[in-house]
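Visitor: model the following, please.
(one chain, ligands or ions: 1)
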Amino acid sequence: EKGGYEHFMLKEMYEQPKAITDTFSPRLKGSEIVIDELNMTDEEIQAIRKIMIVACGSAYHAGVTGKYVFEGMARIPVEVDLASEFRYRDPIMEEGTLVIVISQSGETADSLAALRESKERGAKVLGIVNVVGSSIAREADNVMYTWAGPEIAVATTKAYSSQLIALYLLAIKFGKVKGVVSKEQVYSYIEDLKRLPEQVEMLLNNKVKIQKFANRYLAAHEVFFIGRGIDYAISMEGSLKLKEISYIHSEAYAAGELKHGTISLIEEGTLVAAVLTQKELYKKMISNMVEVSTRGAFVLAVTNEGNDEVERAADYVIYIPETNKFFANSLAIIPLQLFSYYISVGRGCDVDKPRNLAKSVTVE
Ligand code: F6R
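Guide: All right, here's what the predicted structure looks like:
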């Protein structure tokens, strides 16, 4: 059932190119994005004033990426909330608020409760869900499925990757309808989408190199993941992957925020994984990397091919292929997933069923 793979997590990581393709291809009609299940007219899309994304765990991290994408690409203001917080903060939902609930299982208790709360307040709720016919899928006004297929490993990989795709599709669609994304841009985003599966595959095939690197850090006590902008979102997901399956403490930090306290934790040999995929932020990120490396940190960088500058501030570099700035998270996450996986394997942890965790969290 693991199809020759040692763990479900590894198998599911390798299913990502297919999960990505299966999520975008039914929604591409020539050079247009058609999301029938949205059930929204162009007028209704134009009337969206604010998007509120609500989710837990990795789905929340996909939502944080979504915020940067919707705002950057479609110029729609977005709030992202943890479902367990959203419910109790008396959220303000004015006319024109679209609530998006993201969930792999479709059964997460807090996400479901947030959905009900939003509907009661009169908002329209769109579910981005993987499990067909699940509670969130049934109760949302509209549901956009991520076609990742069944996910068995507790740590999500392919469902998370398809959630990102669903969000990109929505952002392109909304941007186009609102007139802030041109026809040519849509065409170029579609070309980039089509390239993603192959690029992910290529990154997965780097696994031996990443395993070797991971084996050097099996005894780490603490790892920091740093990034700016959309790369901060991927740092959060990278950090969660590591801690949940390897039991190594880890934190994600917005790189510019380190010097406001957390940098005091950096010591000789602390591993800092720096993600830099956003050209306009390279310089700032490199100076943050220098700040930690002069304090003894070992810096692993995940960056775009061609960013040779980074070599002066990093001890080890993983390059990702070129895509547009909004899709970079889909590539940057792959080496981080592999890194966590091999740390977990190397430490002899139960990769697919980490302690204290369940695949679907139905308690509040
Ligand atoms: C982490 C992970 C969890 C889930 C979270 C939400 O790898 O899998 O953090 O993302 O429990 O679950 P769903 O998406 O089923 O609502």
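
Visitor: what's around the residue in the stretch 251-364 of the chain that the ligand sits nearest to, how many residues?
Guide: Here the stretch 251-364 of the chain gets closest to the ligand at one residue, residue 361, 4.9 Å apart by CB to the nearest ligand atom. In this view, the C-beta of every residue, glycine as well, is placed from N, C-alpha and C. Residue 361 has 16 neighbours, counted by other CB atoms under 10 Å.

Visitor: residue contacts, it?
Guide: Shown in contact with residue 361 (CB atoms under 8 Å, 6 or more residues apart in numbering): 56, 57, 108, 109, 110.

Visitor: please name the residues that touch the fourth one.
Guide: For residue 109, the contacting residues are 361, 362, 363, 364, by CB under 8 Å, 6+ apart.

Visitor: mind checking which of those residues land in strands?
Guide: Applying DSSP state E to the contacts of residue 109, no entry is found in strands.

Visitor: okay, the residues you listed in CSV with pLDDT next?
Guide: Shown next, in CSV, are the contacts of residue 109 (pLDDT from 0 to 100):
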residue, pLDDT
361, 86
362, 84
363, 84
364, 84
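
Visitor: how about the residue nearest the centre of the chain, nearest residue that isn't a chain neighbour?
Guide: Taking CA atoms, centre = their mean, the centroid of the chain lies closest to residue 62, which sits 3.8 Å from it. Take residue 62 and drop its neighbours on the chain: the residue closest to it by CB to CB, 6 or more residues apart in numbering is residue 163, 3.9 Å away.

Visitor: where does that neighbour sit: helix, strand or coil?
Guide: Recorded secondary structure, residue 163: helix (DSSP: H, G, I helix; E, B strand; the rest coil).

Visitor: pretty sure it contacts residue 59?
Guide: Yes - with contact defined as CB atoms under 8 Å, residue 163 and residue 59 form a contacting pair (6.2 Å).

Visitor: so what sits against both of the two?
Guide: 102, 104.

Visitor: which bits of the stretch 201-350 of the chain sit near the ligand?
Guide: 240, 244 (CB under 6 Å from any ligand atom).

Visitor: which residue ranges of the stretch 201-350 of the chain form strands?
Guide: Shown for the stretch 201-350 of the chain, the strands assigned by DSSP state E, counting those that start in this stretch span residues 222-227, 249-254, 271-276, 298-304, 316-320.

Visitor: for the second one, packing partners?
Guide: The criterion is 3 or more CB pairs under 8 Å, 6 or more residues apart in numbering; DSSP states H and E, and the helices and strands that strand 249-254 contacts are strand 222-227, helix 230-246.

Visitor: so which of these is nearest residue 263?
Guide: For residue 263, the closest of the helices and strands packed on strand 249-254 is strand 222-227, at 9.4 Å, according to CB to CB.

Visitor: not counting sequence-adjacent ones, nearest residue to the residue in the chain that the ligand sits nearest to?
Guide: Residue of the chain nearest the ligand, by CB to the nearest ligand atom: residue 57 (1.9 Å). Spatial nearest neighbour of residue 57, chain neighbours left out: residue 240 (6.8 Å); criterion: CB to CB, 6+ apart.

Visitor: which residues in the chain form helices?
Guide: Per DSSP state H, the chain carries helices over the ranges 8-14, 16-24, 42-46, 57-69, 83-86, 109-120, 135-139, 158-177, 183-204, 207-215, 230-246, 282-293, 328-346.

Visitor: report the angle between the longest one and helix 328-346.
Guide: Angle, helix 183-204 to helix 328-346, by axes from the mean of the first three to the mean of the last three CA atoms, to 10 degrees: 10 degrees.

Visitor: and the contacts of helix 183-204?
Guide: For helix 183-204, using CB under 8 Å, 6+ apart, the contacting residues are 13-14, 16-18, 20-21, 24, 28, 31-33, 161, 165, 168, 172, 175-176, 181, 320-321, 323-324, 326-327, 330-331, 334-335, 338.

Visitor: kindly write the ChimeraX command that selects the buried subset of those.
Guide: Those of those that count as buried under 16 or more other CB atoms under 10 Å are selected in ChimeraX with:
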select :13,14,16,17,18,20,21,24,33,161,165,168,172,175,176,181,320,321,323,326,327,330,331,334,335,338
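
Visitor: higher neighbour count, residue 163 and residue 59?
Guide: Counted by other CB under 10 Å, residue 163 and residue 59 do not tie: residue 163 has more neighbours, with 30 against 26.

Visitor: end-to-end on stretch 246-258?
Guide: Stretch 246-258 has its terminal residues 24 Å apart, counting by CA to CA, to the nearest Å.

Visitor: got the confidence number for residue 360?
Guide: Confidence at residue 360, expressed as pLDDT, is 85.

Visitor: that one - how many residues pack around it?
Guide: Residue 360 has 14 neighbours, counted by other CB under 10 Å.

Visitor: for it, what are phi and psi?
Guide: Backbone torsions for residue 360, taken as degrees, to the nearest 10, come to phi -130, psi 130.

Visitor: can you pull up the bridge partners for the nearest residue to residue 271 once chain neighbours are set aside?
Guide: Of all residues not flanking residue 271 in the chain, residue 223 sits nearest, at 4.7 Å (CB to CB, 6+ apart). When bridges are called by DSSP bridges, residue 223 pairs up with residue 250, residue 271.

Visitor: quick one: contacts for residue 223?
Guide: The contact partners of residue 223, by CB under 8 Å, 6+ apart, come to 217, 239, 242, 248, 249, 250, 270, 271, 272, 273.
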